[in-house]
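# Fold the following, please.
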Amino acid sequence: METNTSPYLLIFRETSPDVYKAMSPDERQRLLEKWNNWYDGLAAEGKVQHGHPLEPKVRIVSGTRGERVVDGPFAETTEVIGGYFLLTVSSFEEATEIAKNCPSLYLGLKVEVRAIAASCPELGVKGRPSAKDLSAA
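Residues are numbered from 1 along each chain as shown. Just a heads-up that it's a prediction; the model follows:
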């Protein structure tokens, strides 16, 4: 049975990154197990393609020619993107329901749910396959 699915991104936003430092090693281990179980369950259902935490080091490139480069993390930032999951599910609502099961919500983490567009609405630039997908073709 074929189903229609679309890609969605769950972006994990830490509002208080130091919250994990205040946890005991046992609490961190239990939370890690919850995250792994959540991810593994989604993978077993074919709903998550991959996910990764992100390093705290950040670099912002801006300016008309990329001449401004600023290294972070930035003390004034109120939220830090800590990682992401790439989902393939049937709807925005399903992606939202998955986000509601994030194990760190009770710690203040926010999960941003975004549909991945086939092309940029303003410019019409289309998404591109990965190098791995291109070499397999």
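# hey, let's count contacts and neighbours off CA atoms from now on
Noted.
# separation between the most centrally placed residue in the chain and Gly108?
The centroid of the chain falls nearest to Tyr84 when counting by C-alpha atoms, centre = their mean (1.5 Å). Separation of Tyr84 from Gly108 (C-alpha to C-alpha, to the nearest Å): 16 Å.
# Next: Lys57.
Taken as C-alpha to C-alpha, the span from Lys57 to Gly108 is 21 Å.
# which one of these two has more residues nearby?
Using other C-alpha atoms under 10 Å, the more surrounded residue of Lys57 and Gly108 is Gly108, with 13 against 9.
# what's the burial count for the closest residue to Gly72 other than its chain neighbours?
Spatial nearest neighbour of Gly72, excluding adjacent residues (C-alpha to C-alpha, 6 or more residues apart in numbering): Val58 at 4.9 Å. Neighbour count of Val58, defined by other C-alpha under 10 Å: 13.
# Next up, the contacts around Val58.
Asp71, Gly72, Pro73 (C-alpha atoms under 8 Å, 6 or more residues apart in numbering).
# Tell me which stretches of the protein form strands.
Per DSSP state E, the chain carries strands over the ranges 6-14, 48-53, 58-62, 68-72, 80-89, 110-115.
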